[in-house]
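Colleague: give me coordinates for this.
(one chain, ligands or ions: 2)
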Amino acid sequence: MNRNIKMCNRDCCELKTALQIRRMKLLIEKRLQEEANAKPKDIIETPQGELYSFDDVQKMANFIINRTEKKPKFGLILSSHVNMLADLVESPVVLQYTDIPKFPVSQLRGNNSKLFVGQIMGGTVIAAQGRMHFYEGNPVGSCTLPVRMFKLCGVEYLIIICSAGAVSAEHNVGDVVAIKDHINIMSWCGSCPLVGLNDARFGQRNPSIIDAYDEMLLAKTTEISREIGQDNRVKTGVYVCVGGPAYETAAEQRFFRKIGADVIGMSMVPEVIIAKHCGLKVLGLTLVTLPAHDVAVPAHNEYATLLMQGKKTCIELVSRIIYKIQNNL
Ligand SMILES: O=P(O)(O)O[C@H]1O[C@H](CO)[C@@H](O)[C@H]1O
Ligand code: HPA
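Modeller: Residues are numbered from 1 along each chain as shown. Ligands and ions are numbered 1, 2, ... in the order given. This next block holds a predicted model:
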């Protein structure tokens, strides 16, 4: 008897014949093989850029155009801080994200995300309320899907609104920062919405995003801020994009300040990359909701007043920009 073969840790095995032990060994091998076969196969993740095919997005866009009978020229993505901007949309057709075929539903937001299609200051707009964030567990390819959908609906200008903390001491609570450039920490960590095979119908394989923020839209923002007497509260700056959900540490803030960031947030940049890839003209407006670490948070009442003024300024900027572009002013 081969005493090296241990079939179990009970003494009974010692008593079995060589043939019995061989049979048991075969039986165990068979069982192990069955277990291995029953295990789920490795899941090969779809790269972010391929989560929704061109045809999928085209169907979504067709659905919106058929339901609304409007062809929007301006796309808006709203921060939850300026959700009320959707109220500017005149005689809107409101669509739930869940109405749109194949549109991903954020587990966290459920049915709360909506599209408003209608007019603002004479321009036809499509506004997305209820942004999906990467830190909520949404793939970055899903977070940016509205941008491609807007493009296939006919949008030319994308106005992205987000909120952020100040990194630089020059940016204060309630300021509106028109973004002129970004630092994308999320892409450094591999979370870029363009990863995967490139569909040239959306854009080039390696798009340049050096000029992602449209000069003309930035100039109009500065011009309007003067017209409405808010040029001391409307600034330009560099946005650093982190994955979140935890806020940055003090050491990270010092680092981001040193490398040239003015504000920090957890959205917008993946949307900007997809927009630039597919040729949209982008304006990024950021409402500052937290001061830099070395600046005191304003007292409660003052904080609320500053934030309210910032929201009003955002709304004023967006409506006047649409008006100017619509009327070639
Ligand atoms: O950019 P929005 O969507 O306004 O959200 C901002 O607020 C969240 C943090 O409170 C972050 O997601 C940040 O990016
Ligand atoms: O202070 C912040 N840090 C990072 N993201 C943010 N989004 C809003 N405020 C902040």
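Colleague: list the buried residues of the longest helix seen in the chain.
Modeller: In the chain, with assignment by DSSP state H, the single longest helix is helix 300-326. Within helix 300-326, the residues that count as buried by 16 or more other CB atoms under 10 Å are 303, 306-307, 309-322, 324-326. The C-beta positions use only the backbone N, C-alpha and C, and glycine is treated the same way.
Colleague: hmm, that helix in reach of ligand 1?
Modeller: No. For helix 300-326, no contact with ligand 1 is found by CB under 6 Å from any ligand atom; the gap never falls below 11.0 Å.
Colleague: near ligand 1, which residues of the stretch 101-250 of the chain?
Modeller: Residues of the stretch 101-250 of the chain found near ligand 1, taking CB under 6 Å from any ligand atom as the criterion, are 131, 133, 162, 163, 244.
Colleague: any idea how many residues pack against the fourth one?
Modeller: Residue 163 has 23 neighbouring residues, counting by other CB atoms under 10 Å.
Colleague: am I right that it sits in a strand?
Modeller: Yes. Applying DSSP: H, G, I helix; E, B strand; the rest coil, one finds residue 163 inside a strand.
Colleague: so, low pLDDT: which residues of the chain?
Modeller: Along the chain, segments meeting pLDDT under 70 span 1-15, 40-41, 106-111.
Colleague: now do the helices in it.
Modeller: With DSSP H, the ranges of helices along the chain come out as 18-38, 54-68, 140-143, 145-153, 185-188, 215-227, 250-258, 269-277, 300-326.
Colleague: specify the beta-bridge partners of the closest residue to ligand 2 within the chain.
Modeller: Residue nearest to ligand 2 within the chain (CB to the nearest ligand atom): residue 165, separated by 2.0 Å. Residue 165 forms beta bridges with residue 264, residue 290, as assigned by DSSP bridges.
Colleague: residues of the protein that sit close to ligand 2?
Modeller: Residues of the chain lying near ligand 2 (CB under 6 Å from any ligand atom): 163, 164, 165, 247, 248, 264, 265, 266, 289, 290.
Colleague: just to revisit the earlier point, which neighbouring elements make contact with the longest helix of the chain?
Modeller: Judged by 3 or more CB pairs under 8 Å, 6 or more residues apart in numbering; DSSP states H and E, helix 300-326 is in contact with strand 74-77, strand 114-120, strand 123-129, strand 157-166, strand 176-184, helix 215-227, strand 281-290.
Colleague: orientation of the second one relative to helix 54-68 in degrees?
Modeller: Relative orientation of strand 114-120 versus helix 54-68 (axes from the mean of the first three to the mean of the last three CA atoms, to 10 degrees): 60 degrees.
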